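Engineer: Quick one: sequence plus predicted model below, questions after.
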Amino acid sequence: MTNTLRASQQGLDKVEKAIHRKRWKRNSITWQQVADTSQGTLKRFWGKTPIKRQSFIRICEAVGVNWEEVAEPSEIQEIKLAVVSVASTTPSLEDQINVLPLQPTDGYSKNQRGVWIPNLRCRKVWGRESFSEEVLHRLNDPQEAPILSLCGSAGYGKTEVACKVALAAVRNNLFADVLWVKARDTEFSDGKISQSERDEALSWNQLLQEIAHQLDGCSVKRVHQRIKEEKRLIVLDNAETAQLEDILPKLNEMLNPSRVLLTSRFQTNASYVGLINIPPLEEHCSYQLLQDEAKYKNVPAIVQADTAQLQQVYHLSCGAPLALHFIVGRVLDDGTLEPVLSALEQASGDVEKIYEFSLKTAWQRISDVTKKVLGYMGDSDAGVTWEELSGTKQVQESDWSITRRELRRWYLMEDETDAKGKPRYNLHPWVRRSLRGGLVDKWQLSLQEWEQIAQWKYDID
Ligand SMILES: Nc1ncnc2c1ncn2[C@@H]1O[C@H](COP(=O)(O)OP(=O)(O)O)[C@@H](O)[C@H]1O
Ligand SMILES: [Mg+2]
């Protein structure tokens, strides 16, 4: 697999059209930020000069164009997939989601529909077509409870499915608009919430204020009326970190025709809340995810993996996309698949253990600067910007690109853009919870112990 790619004239024509739709210029700063690239690289891209494969792919993805249609065909080495990829069977939702950008680009208009829906954090949502359709169908069915709770363990893709559903809800004109409220980003362990955590959980008043803000900044008193007058979809993401006993009955009074979609690790028992459990990713979709990520990150050990190995990865991951991503990161660093599989085998069957194993390895291999940045991000409730990291002296400009690369390499950081299209860096709630819960301190200690042992050995030599 080559490490560089260059654009063809035909490909550039496609990109030209795409940037025209987004009203970006050829050297747009927003484009550079979203693609995490520099002006020089973008210039070389336009000049059909070879640039790094990952930069090339990010540049294309930032404008929603398939990189394989942009690259010079002779440069794309066709990779024989160990498993025949299964074409998406139900393109309807996927197509509708990918056609037009709903997110504002350079210009920011509060009145644009769907503006509060966060961007997808993965490069492509594999599978989930029929499941998303089912969720959307239930949300739109007048016979169903007005609140639908999408439940499941961390990392199974609840938030991504909710994004897909929300986009389709607007695109299909099933809902006038979507409001999206993220309850506290942290998730609680074991279903138990301590008193101090309960105090910090999103309250009814905070929720109302956020909704009022998203309704063009109307007053809190008008929220009830606004929700009643038009059919809106309100998504409450990470709902287990909200004061649901208080919120749900009050929300319920406002609904019809509007609806609520919760994403939650826990189930809620109330007559007006319907439940839908997120299933594991289907096996063939997990192969597609693995091989696509492996192609993107240049991980031959996975690209060339045979079906038996892919099956093993799938079973270890329990079909959780977060686990699949972590495994790609680990194999990328190890350069080989088998030892990683044997190491992960110890945690077999328990997805949280797989996460823990992955984070532990990552933590022990990343630089001190990256650890410091991770610690800072773990303490923030939402994503951080580069300005914040730099302003609070977490990282110097010269180190930032290495740190960012390390965090992406291990899938520890999620790229987001805020409602104005500005890049933000966030952590998956599971990673944040682990950092806050002191999981990494345990490993830090064992590293210190290891150093003591090394010192002791050195002394006796
Ligand atoms: N179907 C999918 N295909 C590819 N990546 C996915 C898919 N679903 C989720 N992901 C990625 O896996 C990670 C966990 O997904 P997320 O939606 O945050 O899970 P949850 O909300 O259940 O904790 C995220 O990085 C997300 O981008
Ligand atoms: Mg989530």
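Structural biologist: Arrived safely. Ligands and ions are numbered 1, 2, ... in the order given.

Engineer: now this protein, which segments are flagged as low pLDDT?
Structural biologist: 1-2, 77-111, 185-199, 419-420, 443-461 (pLDDT under 70).

Engineer: Residue 423 against residue 388, yeah?
Structural biologist: No: Residue 423 is not in contact with residue 388 according to CB atoms under 8 Å; the separation is 11.7 Å. The C-beta positions use only the backbone N, C-alpha and C, and glycine is treated the same way.

Engineer: ok, which residues in the stretch 301-450 of the chain are in contact with ligand 1?
Structural biologist: Neighbours of ligand 1 within the stretch 301-450 of the chain, by CB under 6 Å from any ligand atom: 321, 322, 325, 414, 428.

Engineer: And the furthest pair within the residues you listed?
Structural biologist: Spatially, the most separated pair among these is 321 and 414, at 12.1 Å (CB to CB).

Engineer: When these two are compared, which one has more neighbours?
Structural biologist: In this view residue 321 and residue 414 are compared by other CB atoms under 10 Å, and residue 321 has more residues nearby, 22 against 19.

Engineer: Close to ligand 2: what parts of this protein are there?
Structural biologist: 158, 159 (CB under 5 Å from the ion).

Engineer: Following element in sequence after the host helix or strand of residue 40, please.
Structural biologist: Element membership for residue 40 (DSSP states H and E) is helix 39-46. Per DSSP H and E, the first helix or strand lying C-terminal to helix 39-46 is strand 51-52.

Engineer: Give the pairing partners of that next one; include direction for each.
Structural biologist: strand 4-5 (antiparallel) (DSSP bridges).

Engineer: ok, how many other residues are close to residue 17?
Structural biologist: Residue 17: 11 neighbours (other CB under 10 Å).

Engineer: Next one: it from residue 26, what distance?
Structural biologist: 13 Å (CB to CB, to the nearest Å).

Engineer: contacting residues for the residue of the stretch 101-250 of the chain found nearest ligand 1?
Structural biologist: Residue of the stretch 101-250 of the chain nearest ligand 1, by CB to the nearest ligand atom: residue 157 (2.8 Å). By CB atoms under 8 Å, 6 or more residues apart in numbering, residue 157 lies in contact with 125, 128, 278, 281, 320, 321, 322.

Engineer: quick one, phi/psi of the fourth one?
Structural biologist: Per-residue torsions, residue 281: phi -60, psi 140 (degrees, to the nearest 10).

Engineer: my read: it touches residue 288, true?
Structural biologist: No: the pair residue 281 / residue 288 is not scored as a contact, 9.4 Å apart, by CB under 8 Å.

Engineer: out of those two, which sits in the busier spot?
Structural biologist: A count of neighbours by other CB under 10 Å puts residue 281 above the other of residue 281 and residue 288, at 26 against 21.

Engineer: re the thing from before, residues shared between the contacts of residue 281 and residue 288?
Structural biologist: By CB under 8 Å, 6+ apart, the residues touching both residue 281 and residue 288 are 126, 127.

Engineer: Now residue 233: phi and psi?
Structural biologist: Dihedral angles for residue 233 - degrees, to the nearest 10 - are phi -110, psi 120.

Engineer: isn't it right up against residue 179?
Structural biologist: Yes: counting by CB under 8 Å, residue 233 touches residue 179, with 7.4 Å between them.

Engineer: list the contacts for whichever residue of the stretch 301-450 of the chain sits closest to ligand 1?
Structural biologist: Using CB to the nearest ligand atom, residue 321 is the residue of the stretch 301-450 of the chain that sits closest to ligand 1, at 3.4 Å. Listed by CB under 8 Å, 6+ apart, the contact set of residue 321 reads 122, 126, 155, 156, 157, 160, 281, 286, 289.

Engineer: just checking, the second one touches residue 287?
Structural biologist: No: checked against CB under 8 Å, the pair residue 126 and residue 287 is beyond contact range at 9.1 Å.

Engineer: Which helix or strand contains residue 139?
Structural biologist: Using DSSP H and E, residue 139 falls in helix 129-140.

Engineer: I'd like the next helix or strand past that helix.
Structural biologist: With DSSP H and E, the next secondary element past helix 129-140 is strand 147-151.

Engineer: Against which helices or strands is the helix or strand just after that next one packed?
Structural biologist: Next along the chain after strand 147-151, taking DSSP H and E as the criterion, comes helix 158-171. For helix 158-171, the packing partners by 3 or more CB pairs under 8 Å, 6 or more residues apart in numbering; DSSP states H and E come out as helix 91-99, helix 129-140, strand 147-151, strand 177-182, strand 232-237, strand 259-264.

Engineer: Extract the CA atoms of helix 158-171 and return them as CSV.
Structural biologist: The C-alpha trace of helix 158-171 is given here as CSV (Å, rounded to 0.1, in the frame of the first residue of the first chain):
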residue,chain,number,x,y,z
LYS,A,158,-26.1,4.8,20.3
THR,A,159,-25.0,8.4,19.7
GLU,A,160,-24.1,7.7,16.1
VAL,A,161,-27.5,6.0,15.4
ALA,A,162,-29.2,8.9,17.1
CYS,A,163,-27.3,11.3,14.7
LYS,A,164,-28.4,9.3,11.7
VAL,A,165,-32.0,9.2,12.8
ALA,A,166,-32.0,12.9,13.5
LEU,A,167,-30.6,13.7,10.1
ALA,A,168,-33.1,11.5,8.4
ALA,A,169,-36.0,13.0,10.5
VAL,A,170,-35.2,16.4,9.1
ARG,A,171,-34.3,15.4,5.6
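
Engineer: Give me the distance between residue 252 and residue 434.
Structural biologist: For residue 252, the distance to residue 434 - CB to CB - is 34 Å.

Engineer: ok, the two, which is more surrounded?
Structural biologist: Applying other CB under 10 Å to residue 252 and residue 434 shows that residue 434 carries more neighbours, namely 22 against 17.

Engineer: any idea which element the more buried one lies in?
Structural biologist: Using DSSP H and E, residue 434 falls in helix 429-436.

Engineer: could you check the angle strand 177-182 makes with that helix?
Structural biologist: 20 degrees (axes from the mean of the first three to the mean of the last three CA atoms, to 10 degrees).
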